[in-house]
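> show me how the following folds:
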Amino acid sequence: MWRTHPRYWPDVWRRSIQARIVTGTLLMSTIVLILVGWVMMSQVTDGILESRRESAQQEAVAQLASLSGSLNALDPGAIQQKLSQLVAGSNRPGLYEVVLIPSDKADSNAIRSTGQVMSESIPPELRASVSQDQTKLFDTYMEIDYNGRPSEPGLAIGSQLRVLNSSAQRYEVYFLFPLTAQKETLDVVQRALLTAGLLLVVLLGAVAWLVTRQVVTPVRMARRIAERLAAGRLEERMQVRGTDDLARLAVSFNKMASNLQQQIRRLEELSRLQRRFVSDVSHELRTPLTTVRMAADLLHEYREDFDPMARRSVELLQGELNRFEGLLADLLEISRFDAGAAALDLEDVDLRDIVSRVLENHETLLERKGCEVRLEMPEPCRAQVDSRRIERILRNLIGNAIEHSEGRPILISTAYDDEAAAMAVRDHGVGFRTEEADMVFSRFWRADPARARTTGGTGLGLSIALEDARLHGGRLDAWGSPGDGAYFRLTVPRRPDITLTGSPLPARPADAVRLVTELSLVDVGAPYQKLTGGEES
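Numbering: from 1, shown residues only. Just a heads-up that it's a prediction; the model follows:
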């Protein structure tokens with residue numbers, strides 16, 4: 001029953017090549033057959049009617065000559081008494097009827113006719129033509145009316161008849177030939193053409209269906225196999241039957257699928273080896289790094305006892321060890337995500353507190369960069385999250401915003417609804433192109449290929465932040481525009497049993513088409529300012 005729903009057929013039309021081809025074939029063949037049938041029916045009708053018209057004219061000429069001879073042979077005084085007998089004698093019942101009308105009398109009682117035919121059925125146009133010319137035969141198609149009988153189609157042939165021995169008497173003679181037999185013949189021909197046309201349309205539809213099925217079936221099979229390959233079932237293959245073009249298509253498709261399977265498995269093995277290598281190297285480097293760290297800490301503690309060049313070398317060593325430890329920590333975290341060993345430690349927290357902690361950690365960098373931070377956090381924004389991971393996400397987002405803001409203002413917002421809590425970080429720095437919105441979360445990807453930034457990130461921060469968001473069942477979205485900065489939005493469910501359907505914050509910043517220049521600079525002693533619900537940002 002569902003297939004009869006009105007919405008089903010448009011889907012079939014859009015998705016099925018076979019349905020469109022069969023429907024198009026039926027429509028075109030129907031139009032062609034209608035035109036051909038109309039032409040054939042017109043020619044048959046014209047031929048039958050013209051044949052009947054010619055035979056009727058010959059019959060009318062013969063009867064006019066016979067009737068004229070009979071009238072001329074009578075005494076002028078006896079014409080009126082014998083007129084009805086002459087008219088009746090000129091009739092051939094079943095073939096035609098005769099109507100004789102005196103041209104010089106208006107009295108309807110003088111009209112003579114055979115059978116039950118009514119003289120009023122003779123068209124006025126025919127009578128006008130006959131009355132004006134007495135040398136010609138005139139004919140026309142008409143409806144013959146009878147007294148007590150249904151009318152029927154017919155052919156009327158008329159001419160004038162003049163009695164030679166009486167200069168005052170002229171008659172209009174009309175022969176009415178019924179066309180009932182011709183109409184029945186045309187009806188039979190019409191029904192035959194209609195039946196043959198319907199059978200031919202059905203036959204053409206069946207042929208089109210069979211032909212397209214031979215072509216569409218392999219295409220549908222290829223589509224189903226492609227869907228299964230896309231779903232990960234790499235062992236699926238098409239059946240090869242015969243040696244025609246479709247069979248060669250199936251062979252080529254199978255070769256392509258085999259090559260793809262080999263390449264995918266090769267890449268999977270390479271990816272597995274890379275993950276294992278990263279995990280092994282990260283773990284193996286922990287021990288020597290710990291030893292180097294201990295030695296570096298000892299040297300750093302007594303750096304004042306060294307000469308200036310050695311002291312500077314110790315400070316550089318300490319800084320690079322800090323960066324190396326950060327990279328190693330990121331690699332270990334990435335390996336945990338790859339191994340599926342990451343887990344959440346949920347607690348009910350106010351996301352504003354996490355923002356405050358992150359900003360306190362970046363206070364020195366904010367002062368050095370001269371960045372103003374404005375907060376739009378008018379209400380508590382509570383959610384059950386892993387505060388350590390959320391803090392790491394915000395640390396990456398805010399650190400990147402400070403690094404790329406070029407000293408321009410930074411805006412941090414929070415919002416919530418019944419299902420989700422969201423945080424957004426907006427800077428007005430160099431930004432990135434729209435097509436790079438997905439690439440920013442790739443491992444080791446940086447918007448600045450020169451890697452000349454002061455903080456010198458590893459390129460793993462946003463990748464780890466994305467994995468942390470997904471681990472919460474949330475999402476991390478990015479928007480950027482060259483010269484107009486970047487905007488990152490983190491959305492997490494307020495409880496672990498909630499599935500996200502939206503976000504309380506927009507996917508793009510409200511000022512996406514202009515730079516924010518109206519924000520005032522903050523005091524050096526207050527690197528960021530918290531807004532209340534009544535203040536404008």
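
> what strands flank the strand ranked longest in the chain, and is each parallel or antiparallel?
When the chain is parsed with DSSP state E, its longest strand is strand 152-162. Paired with strand 152-162 in the same sheet, following DSSP bridges, are strand 138-144 (antiparallel), strand 170-178 (antiparallel).

> can you confirm Ala415 is in a helix?
No. Read with DSSP: H, G, I helix; E, B strand; the rest coil, Ala415 is strand and lies in no helix.

> in stretch 355-364, what's buried?
Val355, Val358, Leu359, His362 (16 or more other C-beta atoms under 10 Å). All C-beta atoms are positioned from the backbone trio N, CA, C, and that covers glycine.

> residues making contact with it?
Contact with stretch 355-364 is made by 366, 373, 375, 377, 391, 394-395, 398-399, 402, 412, 414, 423, 527-528, as judged by C-beta atoms under 8 Å, 6 or more residues apart in numbering.

> pLDDT averaged over whichever helix or strand Glu59 is part of - what is it?
Per DSSP states H and E, Glu59 falls inside helix 17-73. Confidence over helix 17-73 (mean pLDDT, whole number) is 86.

> now swap in stretch 376-385 and tell me
Mean pLDDT, computed over stretch 376-385, is 89.

> distance of Leu359 relative to Gly399?
The gap separating Leu359 from Gly399 is 11 Å, by C-beta to C-beta, to the nearest Å.

> of all the strands paired with strand 152-162, which one is nearest Arg489?
Nearest to Arg489, of all the strands paired with strand 152-162, is strand 138-144, at 83.8 Å by C-beta to C-beta.

> pull out the buried positions in the closest one.
Phe138, Asp139, Met142, Ile144.

> got any ranges where the stretch 401-537 of the chain has weak pLDDT?
Filtered on pLDDT under 70, the stretch 401-537 of the chain yields the residue ranges 445-459, 512-537.

> now the helices: where do they sit in it?
Along the stretch 401-537 of the chain, counting by DSSP state H, counting those that start in this stretch, helices occupy 461-471.

> domain ranges for this structure?
The record assigns the chain these domain ranges, following automatic domain parsing: 9-234, 245-337, 348-531.

> deepest-packed of those, please.
Ranked by mean neighbour count, the domains of the chain are led by domain 348-531 with a mean of 18 (mean count of other C-beta atoms under 10 Å).

> I figured Ala208 hits Thr23, correct?
No. Ala208 is beyond contact range of Thr23, at 9.0 Å (criterion: C-beta atoms under 8 Å).

> for Leu137, give its distance to Ile157.
From Leu137 over to Ile157 the distance is 6 Å, taken as C-beta to C-beta.

> follow-up on the earlier one: okay, the strands paired with strand 152-162 in JSON lines with distance to Ser387 next?
JSON lines is the format used below for the strands paired with strand 152-162 (distance: least, C-beta to C-beta, whole Å):
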{"stretch": "strand 138-144", "distance to Ser387": "99"}
{"stretch": "strand 170-178", "distance to Ser387": "105"}
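
> put together CSV for these, with distance to Glu97 and mean pLDDT on each row.
Shown next, in CSV, are the strands paired with strand 152-162 (distance: least, C-beta to C-beta, whole Å; pLDDT from 0 to 100):
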stretch, distance to Glu97, mean pLDDT
strand 138-144, 7, 88
strand 170-178, 5, 85
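
> for the closest residue in space to Asp417 that isn't next to it in sequence, give me the backbone phi and psi.
Nearest non-adjacent residue to Asp417, counting by C-beta to C-beta, 6 or more residues apart in numbering: Pro504, 4.5 Å away. With angles defined as degrees, to the nearest 10, Pro504 sits at phi -70, psi -10.

> for the one 4 residues further on, same thing?
According to degrees, to the nearest 10, the main-chain angles of Arg508 amount to phi -130, psi 150.

> and the residue lying closest to Tyr96 once chain neighbours are set aside, what is it in contact with?
Nearest residue to Tyr96, sequence neighbours excluded (C-beta to C-beta, 6+ apart): Phe177, at 4.5 Å. Applying C-beta under 8 Å, 6+ apart, one finds that Phe177 lies in contact with Arg52, Ala56, Glu59, Leu95, Tyr96, Gly154, Leu155, Ala156, Ile157.

> cutoff 10 Å now
Contacts for Phe177 were tallied using C-beta atoms under 10 Å, 6 or more residues apart in numbering; they are 52-53, 55-57, 59-60, 92, 95-97, 139, 144, 154-157.

> what sits against Ile354?
If you count contacts by C-beta under 10 Å, 6+ apart, Ile354 has them with Cys381, Val385, Ser387, Arg388, Ile390, Glu391, Arg392, Ile393, Leu394, Arg395, Thr414, Met423.

> switch the residues you listed over to a markdown table; also include distance to Asp497 and secondary structure.
Shown next, in a markdown table, are those (distance: C-beta to C-beta, whole Å; DSSP: H, G, I helix; E, B strand; the rest coil):
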| residue | distance to Asp497 | secondary structure |
| --- | --- | --- |
| Cys381 | 19 | coil |
| Val385 | 14 | strand |
| Ser387 | 19 | helix |
| Arg388 | 21 | helix |
| Ile390 | 18 | helix |
| Glu391 | 23 | helix |
| Arg392 | 24 | helix |
| Ile393 | 21 | helix |
| Leu394 | 24 | helix |
| Arg395 | 28 | helix |
| Thr414 | 22 | strand |
| Met423 | 21 | strand |
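
> which of these lies closest to Lys255?
So of these, ranked by how close each gets to Lys255 (C-beta to C-beta), first place is Ile393, at 45.3 Å.

> can you tell me how far that closest one is from Glu419?
19 Å.

> quick one: Arg127 is in a strand?
No. Counting by three-state DSSP, Arg127 is located in no strand; its state is helix.

> residues contacting the closest residue to it other than its chain neighbours?
Excluding the flanking residues, the one nearest Arg127 by C-beta to C-beta, 6+ apart is Glu172, at 6.8 Å. Glu172 is in contact with 99-103, 111, 119, 122, 126-127, 130-131, 134, 158-161, counting by C-beta under 10 Å, 6+ apart.

> pLDDT weak spots in the stretch 51-200 of the chain?
Looking at the stretch 51-200 of the chain by pLDDT under 70, you get 73-86, 88-91, 104-110, 163-169.

> now do 90
For the stretch 51-200 of the chain, the stretches with pLDDT under 90 are 52, 56-152, 157-183, 197.

> related to what we said a few turns ago, can you give me the angle the longest strand of the chain makes with helix 17-73?
Angle, strand 152-162 to helix 17-73, by axes from the mean of the first three to the mean of the last three C-alpha atoms, to 10 degrees: 30 degrees.
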